[in-house]
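J.: Sequence and predicted model, in that order:
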Amino acid sequence: MGAAMGKRAGPFQSAVLSRVDSLPAPSGQESQATFAAGCFWGVQLAFQRLPGVLSTKVGYTAGKKEAPSYEEVCSGKTGHTEAVQMTFDPAQISFRDLCRVFFEIHDATQLNRQGNDRGTQYRSGIYTHSDGQQAEALEEKARHEQAIVKRVVTEVQRAGKFWEAEKYHQAYLVKGGQTGTKGSDKPIRCYG
C-alpha cells in the first residue's frame with residue numbers, strides 16, 4: 001500500500017520517483033495505460049507524480065452502461081470500476097514499471113474494495129492497450145503474487161471504452177492542495 005493509501009512511497013515507487021532529474025529526453029512517442037486500484041483520486045495523484053507520465057485522467061471502465069455518472073457507478077449496477085487512464089512516454093517510463101508501481105500503491109488481494117471503500121467500483125484492474133501490455137501485466141501480476149505469497153485478485157483484460165469522470169473528480173487531490181509535482185514522495189491523503 002504505498003503513497004495512494006496515505007503512506008510513504010514503496011521502494012520501487014521511490015526508485016522511479018528519484019529518476020526525475022535523470023530522465024532521457026522525451027521521445028515524442030506516447031502510449032496509454034489504464035489502471036484501477038480503489039478510489040481514483042489517490043491513484044491519479046500517485047501516477048501523475050511519476051516521471052515519464054505525461055497526463056492522467058480519472059473515469060470509468062469495464063462496465064456495461066454508456067456514459068455512466070459517478071452516482072450510477074457507485075450504485076454497483078453498471079459494472080464499471082473507477083480507473084485512471086494515462087499517457088506516458090515509454091522512453092522515460094516503461095509499462096512494466098507502471099505495473100510495479102500499481103502493485104505498490106494498493107492491496108491487490110482485496111476483492112471489490114480498498115480499505116474502507118467497498119463495492120465493485122473499487123476493484124483492482126489492469127486494462128491493457130496492446131498484446132505487449134497484456135503479456136507484461138500478466139507477468140507482473142504473477143510476480144507480485146509470488147512475492148507476497150497471497151492470491152492477487154487484480155483483473156487483467158483488454159481496455160474497453162473509458163468514460164471520463166465528471167470534471168470535479170479530475171485532479172481532485174491537487175485541487176485540494178496536495179502536490180502533483182514530478183518526483184514528489186509526499187504521502188497522499190484521500191478524503192471525500
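T.: Arrived safely.
J.: I'd like the distance from stretch 150-163 to the chain centre, please.
T.: 11 Å (CA atoms, centre = their mean, to the nearest Å).
J.: end to end, how far does it reach?
T.: Separation of the first and last residues of stretch 150-163 by CA to CA, to the nearest Å is 32 Å.
J.: Same check on stretch 159-169?
T.: Separation of the first and last residues of stretch 159-169 by CA to CA is 21 Å.
J.: what sits up against it?
T.: 32, 34, 40-41, 57-62, 66-70, 80, 82-83, 85, 127-129, 170 (CB atoms under 8 Å, 6 or more residues apart in numbering). C-beta: built from backbone N, CA, C; applies to glycine.
J.: Ramachandran angles for the residue nearest the centre of the chain?
T.: Nearest to the mean C-alpha position of the chain, counting by CA atoms, centre = their mean, stands residue 35 at 4.0 Å. Main-chain dihedrals, residue 35, degrees, to the nearest 10: phi -130, psi 150.
J.: circling back: ok, of the contacts of stretch 159-169, which come out buried?
T.: 32, 34, 40-41, 57-62, 68, 70, 80, 82-83, 85, 127-128, 170 (16 or more other CB atoms under 10 Å).
J.: Could you list which of these belong to strands?
T.: 32, 34, 57, 58, 59, 60, 61, 82, 83, 85, 127, 128 (DSSP state E).
J.: Would you mark the buried spots in stretch 142-149?
T.: Of the residues in stretch 142-149, 144, 145 count as buried by neighbour count, 16+ other CB under 10 Å.
J.: which residues are contacting that stretch?
T.: Contacts of stretch 142-149 (CB under 8 Å, 6+ apart): 103, 108, 109, 151, 152.
J.: What's the PyMOL syntax to select whichever of those are buried?
T.: The buried subset of the contacts of stretch 142-149, as determined by 16+ other CB under 10 Å, is captured in PyMOL by this line:
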select buried, resi 103+108+152
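J.: Sort out which of the contacts of stretch 142-149 are in helices and list them.
T.: Members of these lying in helices (criterion: DSSP state H): residue 103.
J.: So which of the contacts of stretch 142-149 is the closest to residue 95?
T.: Using CB to CB, residue 103 is the member of these that lies nearest residue 95, at 13.1 Å.
J.: so who does the closest one touch?
T.: Going by CB under 8 Å, 6+ apart, residue 103 touches 140, 141, 144, 152, 154.
J.: Good, we can wrap up now.
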